[in-house]
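# Test case, fold it:
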Amino acid sequence: MQRRTKIVATLGPSTDDSKVLDDMIQAGVDVVRVNFSHGTAEEHLRRAEQVRNRARAHGRQVGVLADLQGPKIRIEKFKDGKVNLQEGAHFVLDATLEPDVGTEERVGITYKELTDDVNRGDTLLLDDGAVVLWVEEVSGREIVTRVVVGGILSNNKGINRQGGGLSAQAISEKDRADIKVAAQMQADYIAVSFPRYAADVNEARELLRAAGGHGGIVSKIERAEALDALEEIIEASDVVMIARGDLGVEIGDAELPAVQKRIIHIARAMDRVVITATQMMQSMIENPIPTRAEVFDVANAVIDGTDAVMLSAETATGKHVAKVIEAMDRICRGAERQRIDMVPERRAAVHFRTVDEAIAKAAMYTANHTGVKAIAALTESGATPLWMSRISSGIPIYALTRHVETRRKVTLYRGVYPVSFDVTTTDHPQLNREAIDELRRRSAVRDGDLVIITKGDLTGVHGGTNAMKIIRVGDEVLTME
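Got it, this is the predicted structure:
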């Protein structure tokens, strides 16, 4: 059984060795994430190219996701690297302080406008909520706080306001420069950090297109405000990422599970791709096996219908890069075997907007009720297999396309597998035979199997899928049209 849920792994110092990349590809990574919060443009370009070179060597397609840093709302540095804050002590966030002279009494902040966004009575959460500060007063460019939950606080940790409400723009000047780098590396996706409205997503898309990039836009849902505009953000996006770190800090950890399920449900209903991220296998940064809680976390996301699960520090800086991917692969396969994930969704009330969408959904309904073993979707843009992948099914969908960009794009779609296939004939029976032969070469089908082929009367036309055929492998005659 092929794994349907896709695995996204973050690149970093632990993955720079070509042997490690080979192990990652063999373990089953589908998409790599380039984190623009760390490293230089040259490092990002080199890592993306290195992955593509190694993927080609293995005969695989691996997508590249460029993750923008977003607004940098962090404390600055301490002169000794870290401090130990005591509960009940006063601590000042000082917008005028030099970047590297912080003490146990005060520290600088990167986001100077923070003093305009908070008021007495607000709660600030530092380092993903490990340190909690209560705002006593805002005096000029200083935020005077009392430590509610203390502990060790080190350099450059993030700042969140409980309940959200920070006004920093989603796309920073650094992001604008990084979008040009993402376009240069031909990133298949770029992720926008902290979007609050659809306008943030649209701006990122316009900047990417202006820079010559053609990747899809991933909206990272990590602000409380994003939940108030969730549907408009999802509609403007190609993909949504449930970034559970900052989101959990802002809305509270108890609210996070229900919100995750809601986002997955809405994204799939709106025909968008969804990634579940943050701390999925956190213990494997150090340990060679996951905790049982991590196993349940990954499995539940899979059963809920997420397209992909993501690894961050587990692969970027972890000690067991290949093992964590192998473990995630194993958990995904186990979850996919559960009957609850095999039940097709009911969409009787949905109105199809285009012919190719209607063909895609009809193909999946037919496949789920006729014992079809595989679906071959001849595609230019990847839209048809995307729509197919929104319907729950255990039937593999093969995206047959001549375009490398499309093959890389579908690496993120649940249950969709990219196949290099160049249409060389306008004779439709011959085209059907060539498509079936390609699946045979991959041992995806054998004589006697039923296969659905979707395609357009005019090959090579975007949005032109208008035909579905059911073929029995080994027969020369179409069994159904």
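
# Let me see the ranges of the strands in the stretch 351-481 of the chain.
374-378, 397-401, 416-420, 450-456, 465-472 (DSSP state E, counting those that start in this stretch).

# for the stretch 201-350 of the chain, same thing?
Using DSSP E, counting those that start in this stretch, the strands of the stretch 201-350 of the chain run over 216-221, 239-243, 273-277, 308-311.

# Tell me which of those strands sits nearest to Ile397.
Judged by CB to CB, the one of the strands of the stretch 201-350 of the chain that comes nearest to Ile397 is strand 273-277, at 13.6 Å. Using the backbone N, CA and C atoms, a C-beta is placed for each residue, glycine as well.

# can you tell which of the strands of the stretch 201-350 of the chain is closest to His369?
Nearest to His369, of all these, is strand 273-277, at 25.2 Å by CB to CB.

# follow-up on the earlier one: tabulate the strands of the stretch 351-481 of the chain (JSON lines), appending mean neighbour count and distance to Gly129.
Listed next are the strands of the stretch 351-481 of the chain as JSON lines, based on neighbours: other CB atoms under 10 Å; distance: least, CB to CB, whole Å:
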{"stretch": "strand 374-378", "mean neighbour count": "26", "distance to Gly129": "44"}
{"stretch": "strand 397-401", "mean neighbour count": "26", "distance to Gly129": "40"}
{"stretch": "strand 416-420", "mean neighbour count": "22", "distance to Gly129": "37"}
{"stretch": "strand 450-456", "mean neighbour count": "23", "distance to Gly129": "47"}
{"stretch": "strand 465-472", "mean neighbour count": "20", "distance to Gly129": "47"}
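
# Let me have the ones you listed in TSV, adding distance to Val218 and mean pLDDT as columns.
Shown next, in TSV, are the strands of the stretch 351-481 of the chain (distance: least, CB to CB, whole Å; pLDDT from 0 to 100):
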stretch	distance to Val218	mean pLDDT
strand 374-378	23	96
strand 397-401	19	96
strand 416-420	17	96
strand 450-456	26	93
strand 465-472	25	90
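
# Looking at the ones you listed, spot the one closest to Asp200.
Taking CB to CB, strand 416-420 is the member of those nearest to Asp200, at 27.7 Å.

# helices and strands around the closest one, which ones?
Contacts defined by 3 or more CB pairs under 8 Å, 6 or more residues apart in numbering; DSSP states H and E place strand 416-420 against helix 383-389, strand 397-401, helix 404-409.

# That one versus strand 397-401: what angle between them?
With axes from the mean of the first three to the mean of the last three CA atoms, to 10 degrees applied, the angle from strand 416-420 to strand 397-401 works out at 30 degrees.

# Please name the strands paired to strand 416-420 in the sheet, noting orientation.
Strand 416-420 pairs in its sheet with strand 397-401 (parallel), by DSSP bridges.

# before we move on, the earlier item: which of the strands of the stretch 351-481 of the chain sits closest to Gln169?
Gln169 lies closest to strand 416-420 among those, at 34.5 Å (CB to CB).

# for the stretch 301-450 of the chain, which spans come out with low pLDDT?
For the stretch 301-450 of the chain, applying pLDDT under 70 flags the ranges 339-351, 425.

# those helices in it, which residues are they?
Listed in chain order, the helices of the stretch 301-450 of the chain (DSSP state H, counting those that start in this stretch) span 313-316, 321-336, 355-370, 383-389, 404-409, 428-441.

# So what touches the shortest one?
When you say that, I think you mean helix 313-316. If you take CB atoms under 8 Å, 6 or more residues apart in numbering as the criterion, helix 313-316 is touched by 9-15, 24, 35, 280-282, 284-285, 321, 324-325.

# Which of these fall within helices?
Members of these lying in helices (criterion: DSSP state H): 24, 321, 324-325.

# Would you check which pair of those residues lies furthest apart?
Farthest-apart pair in the ones in helices among the contacts of helix 313-316 is Met24 and Val324; separation 9.6 Å (CB to CB).

# Retrieve the pLDDT associated with the residue positioned nearest the centre of the chain.
Nearest residue to the geometric centre of the chain (CA atoms, centre = their mean): Ile275, 3.9 Å. What the model reports as pLDDT for Ile275 is 98.

# Report the contact partners of it.
Listed by CB under 8 Å, 6+ apart, the contact partners of Ile275 are 8, 218, 239-242, 306-310, 412.

# Now stretch 67-82: buried residues?
67-68, 70-78 (16 or more other CB atoms under 10 Å).

# Span of that stretch from start to end?
End-to-end distance for stretch 67-82, by CA to CA, to the nearest Å: 28 Å.

# that older thread, buried only: go through the contacts of helix 313-316 for me.
Neighbour counting with 16+ other CB under 10 Å marks 9-12, 14-15, 24, 35, 280-282, 284-285, 321, 324-325 as buried within these.

# now the ones in helices among the contacts of helix 313-316 in TSV, with distance to Asp100?
Listed next are those as TSV, based on distance: CB to CB, whole Å:
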residue	distance to Asp100
Met24	36
Val321	32
Val324	34
Ile325	37
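
# which one of those residues is nearest Arg161?
Arg161 has its nearest neighbour among these in Val324, at 32.5 Å by CB to CB.

# now the residue nearest to Glu105 when sequence neighbours are not counted, what's its secondary structure?
Closest residue in space to Glu105, ignoring its immediate chain neighbours: Val92 at 6.5 Å, by CB to CB, 6 or more residues apart in numbering. Classification of Val92 by DSSP: H, G, I helix; E, B strand; the rest coil places it in strand.
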